[in-house]
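1. just to be clear, the model below is a prediction. Sequence and coordinates:
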Amino acid sequence: MRKLILTLAAIVIIAAPFPARAQSQNGRGANGAPKYVFLFLSDGAGAAHLEIARQYRQHIHNEGMVIVDKIMKEGSIGVMTTHAANSLSTDSAAAATAMAAGCKAKIGALGVCDDGTVAVSAMEIARRRGMKLGLATNSTIYDASPAAFVCHVPNRKDYPAILRRYLEMAPDVLFGGGLDQFLAKGQPGSQRTDDSDPLAEFAKLGYQSARTLPELQRAGGDKVLGLFGLTEMSFELDRDKQNEPSVYDLTQAAIRLLHGPRGFFAFIESENIDRASHANDIASVIHDYREFDRAVGLAYEFYKKYPRETLILVASDHESGGLGMTLALKDLSSSKGNNQVAGNHSDFKKLQAVKISLQQAAKQLGSNPKSEAVDKLMADHFPGFTLAPEYREKIVNSQYLSRTIFAEPVANALGMMVANNTQIYWQNTAHSNVPVLVGALGVGAERFKGYYDNADFGKKLKALLEGKKHN
């Protein structure tokens, strides 16, 4: 009996959260671990996404980019491979699992390693240290990337299981879209099929609710649940800036609510970059990347106040769309130089005139678009652009463009129209195997330089939070 009691006591000691006193008096964790951790994820962004967004800001707004000019130049730069355990390209679930847990995962798995084991995530280690936790995204809050940092679910579409894990883990801040899975069955907009009432369950745990930007700005208390749309939040080009927060606003609120003596781990994602890439929407990529960079700027200002205690990581989980600015033919009549055109800064001025996302444009056209409606759309929202006959046909008939351009036929055809006018082309509407960049600044940033796999990223992050070395 005595042996059983000692065994149970040992299990309790292992499972119990590490006390907050594990952090030293100067705010650094044991063995030099950071007290404040920001992980910014530009979902779907490859190096070309970053560079096109940077060049647009330089030529149109005459401004720099925090990610490049501050995080990467003052800190470390890494190059990270992204393949899944069972595919040479990845999805966000397998990619985020590798980055959070330090193990390769199969497509669709959240927090479950390829061999079926459940690995402790970096955010779970942070909670054991007594740090506050925040998840913020402009996707649904139950989407794969944020969920992978706290959940262990074989199927990323098992939203009830993801929400149950959120209730168990109880992050201090949960911001995003996805109200549809929090509403009880029968309520307008609910997508639940069981009899649970997640909003009521979160309220019992003391979560204050926010649904609009003003409510977010007023929110206080120990725990806040911000749900700003039934599904994904809006692209910057479409966002109601008085009522719907941007990723910048989410970051600002997260810092305010999380900052304190316990330290924090804040995961902040712009899923809109990936969504725009699936639609081949370069204008939305640029505008949402700009807002994402502004959010990183908030963390940089925080870092300047607490440089000996803060780590900022800016990374992508994979590349989407095979994006690049290139040389193209004006038409197929000749390959001679006078029939060639290369992208240049004047193309950015054309993009400046686009005031609507391609998904919103497709929505305006409806399921059976007429040629006259297409003409009006072009005149109203794409001034100075011309629509080639082959793309008009694809739009009117809602046809796939090719074997690799197929995600959203109308939006993709409009994306190819924009490409024809700007020389910013897409190879596909899915994820590629292209390595992505990692920028790191602050405590432990040197660990993230070099060329490594996304599972190694997770191992580095976990080791850092545990106060251990990792090669």
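-> That came in fine, so what should we check first? Numbering: from 1, shown residues only.

2. separation between the nearest residue to residue 370 once chain neighbours are set aside and residue 374?
-> Among residues not flanking residue 370 along the chain, residue 396 sits closest, at 7.2 Å (C-beta to C-beta, 6 or more residues apart in numbering). In short, each C-beta sits where N, CA and C put it, glycine included. According to C-beta to C-beta, to the nearest Å, residue 396 and residue 374 sit 7 Å apart.

3. who has more neighbours, these two?
-> Between residue 396 and residue 374, counted using other C-beta atoms under 10 Å, the more crowded position is residue 374 (20 against 17).

4. residue 313 should be in a strand, yeah?
-> Yes: assessed by DSSP: H, G, I helix; E, B strand; the rest coil, residue 313 belongs to a strand.

5. who's the residue nearest to it when sequence neighbours are not counted bridged to?
-> Excluding its sequence neighbours, the residue lying closest to residue 313 (C-beta to C-beta, 6+ apart) is residue 39, at 4.8 Å. Taking DSSP bridges, one obtains residue 267, residue 313 as the residues bridged to residue 39.

6. give me the pLDDT for residue 39.
-> Listed pLDDT for residue 39 reads 99.

7. quick one: neighbours of it, just the number.
-> Residue 39 sits with 22 neighbouring residues when counted by other C-beta under 10 Å.

8. list the contacts of it.
-> The neighbourhood of residue 39, defined by C-beta atoms under 8 Å, 6 or more residues apart in numbering, consists of 265-268, 313, 315, 461.

9. take these and write them to a markdown table, including pLDDT, distance to residue 62 and neighbour count.
-> As requested, these are arranged in a markdown table below (pLDDT from 0 to 100; distance: C-beta to C-beta, whole Å; neighbours: other C-beta atoms under 10 Å):
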| residue | pLDDT | distance to residue 62 | neighbour count |
| --- | --- | --- | --- |
| 265 | 98 | 35 | 30 |
| 266 | 98 | 30 | 30 |
| 267 | 98 | 32 | 28 |
| 268 | 98 | 26 | 28 |
| 313 | 99 | 28 | 27 |
| 315 | 98 | 27 | 22 |
| 461 | 98 | 36 | 29 |
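
10. quick check: the gap between the residue nearest to residue 370 and residue 341.
-> Taking C-beta to C-beta as the measure, residue 396 falls 27 Å from residue 341.

11. next: residue 235.
-> For residue 235, the distance to residue 341 - C-beta to C-beta - is 28 Å.

12. of the two, which one has the most company?
-> Neighbour count, other C-beta under 10 Å: between residue 235 and residue 341, residue 235 has more, with 25 against 15.

13. phi, psi for that one please.
-> Here is the backbone geometry of residue 235 (degrees, to the nearest 10): phi -60, psi 160.

14. residue 90: what's it in contact with?
-> Residues near residue 90 by C-beta under 8 Å, 6+ apart: 82-84, 107, 317-318, 431, 433.

15. how about a cut-off of 10 Å?
-> Going by C-beta atoms under 10 Å, 6 or more residues apart in numbering, residue 90 touches 81-84, 96-98, 104-107, 317-319, 431-433, 454.

16. any idea how far residue 104 is from it?
-> For residue 90, the distance to residue 104 - C-beta to C-beta - is 10 Å.

17. please name the nearest non-neighbouring residue to residue 197.
-> Computed as C-beta to C-beta, 6+ apart, the closest residue to residue 197 that is not its neighbour in sequence is residue 184, at 4.0 Å.

18. looking at the one you found now. What's its pLDDT?
-> So, for residue 184, pLDDT stands at 97.

19. does it sit in a helix, a strand or a coil?
-> Residue 184 - assigned by three-state DSSP - is coil.

20. surely it touches residue 192?
-> Yes: contact status for residue 184 versus residue 192: in contact at 6.6 Å, counting by C-beta atoms under 10 Å.

21. shared neighbours of the two, anything?
-> Residues within reach of residue 184 and of residue 192 at once, by C-beta under 10 Å, 6+ apart, are residue 198.

22. who's more crowded, the two?
-> More crowded of residue 184 and residue 192, by other C-beta under 10 Å: residue 192, with 19 against 14.

23. from one end of stretch 427-437 to the other, what's the distance?
-> Counting by C-alpha to C-alpha, to the nearest Å, you get 20 Å between the two ends of stretch 427-437.

24. follow-up on the earlier one: got CSV for the contacts of residue 39, with distance to residue 33 too?
-> Below are the contacts of residue 39 laid out as CSV (distance: C-beta to C-beta, whole Å):
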residue, distance to residue 33
265, 11
266, 15
267, 17
268, 20
313, 14
315, 19
461, 11
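
25. what is the nearest of the residues you listed to residue 303?
-> The nearest member of those to residue 303, counting by C-beta to C-beta, is residue 313 at 11.5 Å.

26. wait, the closest one sits on residue 445?
-> Yes: counting by C-beta under 10 Å, residue 313 touches residue 445, with 8.2 Å between them.

27. mutual contacts of the two, please.
-> Contacts common to residue 313 and residue 445, judged by C-beta under 10 Å, 6+ apart, are 71, 75-76, 78, 438-439.

28. how about the nearest residue to residue 465, chain neighbours excluded?
-> What sits nearest to residue 465 in space, not counting adjacent residues and going by C-beta to C-beta, 6+ apart, is residue 125, at 4.6 Å.

29. can you tell me the helix or strand for the one you found?
-> helix 122-128 (DSSP states H and E).

30. okay, now the unreliable bits of the stretch 101-250 of the chain?
-> Nowhere does the stretch 101-250 of the chain drop to pLDDT under 70.

31. please name the residues that touch residue 72.
-> Here residue 72 is in contact with 50, 65-66, 78, 314, 437-441 (C-beta under 10 Å, 6+ apart).

32. redo that, cut-off 8 Å
-> Neighbouring residues of residue 72 by C-beta under 8 Å, 6+ apart: 437, 439.

33. circling back to that earlier point, so what does the residue nearest to residue 197 look like in phi/psi?
-> With angles defined as degrees, to the nearest 10, residue 184 sits at phi -60, psi 150.

34. wait, it sits on residue 194?
-> No: between residue 184 and residue 194 there is no contact under C-beta atoms under 8 Å: 9.2 Å.

35. returning to what we had before: tell me which entries of the contacts of residue 90 lie within helices.
-> 96-98, 454 (DSSP state H).

36. just the shared contacts of residue 313 and residue 445 now: which is nearest residue 164?
-> Nearest to residue 164 among those, counting by C-beta to C-beta, is residue 438 at 31.6 Å.

37. now do the helices in the stretch 301-450 of the chain.
-> Under the criterion DSSP state H, counting those that start in this stretch, the stretch 301-450 of the chain contains helices at 345-352, 358-365, 371-381, 389-397, 409-422.

38. pick the most deeply packed of those helices.
-> helix 409-422 (a mean of 24; mean count of other C-beta atoms under 10 Å).

39. tilt between that one and helix 371-381?
-> 50 degrees (axes from the mean of the first three to the mean of the last three C-alpha atoms, to 10 degrees).

40. got the contact list for residue 57?
-> Contacts of residue 57 by C-beta under 8 Å, 6+ apart are 63-65, 290, 293.

41. which pLDDT value belongs to it?
-> pLDDT recorded at residue 57 is 97.

42. begin at 47 from here
-> In the new count, where the first residue is 47, that last one comes out as residue 103.
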